[in-house]
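Chemist: here is my input, please return the structure:
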Amino acid sequence: MQQFRKDIIRHLVVFLKSSSIYGVAGIFGKSAQVVVAILLIRNMTISDYGILDFLLILSNLLVVLFTFGQDSSTGRYFFEYPDPSNRQQLISQSLFFQLLTLSIGLPAVWMIAKLLATSSAYIDAYDLLVPFFLIQVPFLLLIDFSLNILNWSRRPRAYCVLMIGSSFSQLISVLILLSISTPNIKTALFAYLASNATSAFVGLFLIRSWLVWPKNFEKVKLTLSYAAPVGVISLAVAVMPAVERALVDNYLSKQSLGEYAIAAKILLIPLFFYTIFSTVWTPFYLSVYKNSNAQDIYNLLLKILCVIGGLIFVVVNSIADFFIELLADARYPGTSIILFFLGFGILIRNIGYILEIGIDLSGRTYLRLINYVCETLATICLSVLLAPYFGLYGVGTAVLVGRALNLLLVVLTGRFVYPLRWEISFVIFFAGMVFVINALVLVAKHYEYFFLAIGTELISVFCIIYLFLRSLSNSDREFLAWGYRYLRRGI
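Modeler: Numbering: from 1, shown residues only. Take a look at the predicted model:
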């Protein structure tokens, strides 16, 4: 048992250290993105920024579509080839294949976008908006590809240069734009285009040693069987932000679309924590799942994620008005509403990331796709029913119900394909408590009972910590105490 504890602590320390550099890059990158959002929102109308955000989300969705799992599959086989020449062929063939797919698919998307533009909020600006947001896609794909290669080849410094540099180049482009004129959708897209093009060429320069002329496509054929299901799942996940914004745009207004975009930018704060956690979580659970005591550690980490995620949700929800004023320089009640629903949905989603490891360990990853399809359909159907009557309340409820349905399906399917002893009762009670108490905070703020809202937030923090401490078993407490002493002594 003691050796198992040592192995667990060592695994955690290794993964945390390896992710710390990427975490620092993420902090600077996200910070620059938040500053860019503040500058644009305060100098654009809220409806124009909503449309801009929607177009950028569509650009990222197209990157996922044309990559279609090649990033994960190339990384999967990269470590199976110790010979550098084979790795060069793998990387070069994958890049060539993605660019070939892009050159065929992007014109088709261009024509489809022309047809869809007839019912869009930006039909009058089609001639410039559609080309500018579509031409972002090749450069975004090259940036993501370069970051992946730098990560797999263990070049953290170069990774940080590209990650931080791409974000700050966006900031510089926007600052130049603001010094010249007042930004609008067209000029903001041009600023993003200039930044992304520069970062793409820098990325290619940093990975130039891995790029050679492809001899054939044998290695791409090898990766396709792995890439296809992963690509479908990645596409199903990536399509949700675009679907949510499209529903807001179609059933509400451009003002609501802007409020939705502001809420999404504020939620970059908790998303940063979850990104770091997911980076550490996947290699960790794969490294220890064969041990008979792994289930206890999984449950402990599930509780830790719940309590940290819950506290972050409470903090973001409590200071939402401050962030809204910081970003938009005015109060937009709809932003607080959608921020509450989306923030809680993010918490639910990341609890699901832990609980779905049974599906991954069973090898039946198609079940994840089914779960995401059910979530998407539920979100669309409920939004269509509720949005016309309840506005952003309706869309937020639809998003949250879709996330909760996905979590429920994860629990049910996971029990059948790879049974794990999850403490589901803790998750249900925790999620219900956090939702109800913070919904009361939202109501108190709406009626301007601010002291009541502050008191309720403090009660929420106390309840989260108390529930976590009460849920710890003796073995959990022993492990935490032992791990603390072990880390103090040094590994």
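Chemist: what's the neighbour count on Ile304?
Modeler: Neighbour count for Ile304, taken as other CB atoms under 10 Å: 14. For glycine as for every other residue, the C-beta is placed from the backbone atoms N, C-alpha and C.
Chemist: and it, what does it touch?
Modeler: Ile304 is in contact with Phe468, counting by CB atoms under 8 Å, 6 or more residues apart in numbering.
Chemist: how about 10 Å then?
Modeler: 277, 468, 476, 480 (CB atoms under 10 Å, 6 or more residues apart in numbering).
Chemist: may I ask which two of those residues are separated the most?
Modeler: Farthest pair in the contacts of Ile304 (CB to CB) is Phe277 and Asp476. Separation: 18.5 Å.
Chemist: neighbour count winner among these two?
Modeler: Neighbour count, other CB under 10 Å: between Phe277 and Asp476, Phe277 has more, with 19 against 16.
Chemist: distance of that one from Ile266?
Modeler: As judged by CB to CB, to the nearest Å, Phe277 and Ile266 stand 19 Å apart.
Chemist: pLDDT averaged over the helix or strand containing Ile57 - what is it?
Modeler: Per DSSP states H and E, Ile57 falls inside helix 46-67. Helix 46-67 shows a mean pLDDT of 81 in the predicted model.
Chemist: any idea how far that helix is from the chain center?
Modeler: Chain-centre distance of helix 46-67: 14 Å, with CA atoms, centre = their mean, to the nearest Å.
Chemist: how about stretch 152-170?
Modeler: Relative to its parent chain, stretch 152-170 has a centroid offset of 18 Å by CA atoms, centre = their mean.
Chemist: could you export that stretch as CSV, keeping only the C-alpha atoms?
Modeler: Listed in CSV are the C-alpha atoms of stretch 152-170, where the atom choice follows Å, rounded to 0.1, in the frame of the first residue of the first chain:
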residue,chain,number,x,y,z
TRP,A,152,5.1,15.9,-28.6
SER,A,153,8.8,16.6,-29.3
ARG,A,154,9.2,18.0,-25.8
ARG,A,155,10.2,21.6,-26.7
PRO,A,156,8.4,23.5,-23.9
ARG,A,157,10.2,26.8,-24.5
ALA,A,158,9.3,26.9,-28.2
TYR,A,159,5.8,25.9,-27.2
CYS,A,160,5.6,28.8,-24.9
VAL,A,161,7.0,31.2,-27.5
LEU,A,162,4.3,30.2,-30.0
MET,A,163,1.4,30.0,-27.5
ILE,A,164,2.2,33.3,-25.8
GLY,A,165,3.3,35.0,-29.0
SER,A,166,0.1,34.1,-30.9
SER,A,167,-2.0,35.6,-28.1
PHE,A,168,0.1,38.8,-27.8
SER,A,169,0.2,39.2,-31.6
GLN,A,170,-3.6,39.4,-31.5
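Chemist: can I get the contacts of Ile304 in TSV including secondary structure, distance to Tyr449 and pLDDT?
Modeler: Shown next, in TSV, are the contacts of Ile304 (DSSP: H, G, I helix; E, B strand; the rest coil; distance: CB to CB, whole Å; pLDDT from 0 to 100):
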residue	secondary structure	distance to Tyr449	pLDDT
Phe277	helix	34	75
Phe468	helix	28	88
Asp476	helix	38	75
Leu480	helix	38	75
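Chemist: using TSV, lay out those together with distance to Ile164.
Modeler: Shown next, in TSV, are the contacts of Ile304 (distance: CB to CB, whole Å):
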residue	distance to Ile164
Phe277	21
Phe468	35
Asp476	38
Leu480	34
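Chemist: of those residues, which is the nearest to Ile46?
Modeler: Nearest to Ile46 out of the contacts of Ile304 is Phe277 (CB to CB; 31.9 Å).
Chemist: how about the closest one: what's its closest non-neighbour residue?
Modeler: For Phe277, ignoring the flanking residues on the chain, the nearest one in space by CB to CB, 6 or more residues apart in numbering is Leu305 at 6.4 Å.
Chemist: surely that neighbour meets Trp281?
Modeler: Yes - at 8.4 Å, Leu305 counts as touching Trp281 under the criterion of CB atoms under 10 Å.
Chemist: overlap in contacts of these two?
Modeler: Common neighbours of Leu305 and Trp281 (CB under 10 Å, 6+ apart) are 274, 350, 353-354.
Chemist: which of the residues you listed sits closest to Gln136?
Modeler: The nearest member of these to Gln136, counting by CB to CB, is Tyr274 at 25.1 Å.
Chemist: burial count for that closest one?
Modeler: Neighbours of Tyr274 under the rule other CB under 10 Å: 20.
Chemist: that one and Phe139: what is the separation?
Modeler: From Tyr274 to Phe139 the distance is 26 Å (CB to CB).
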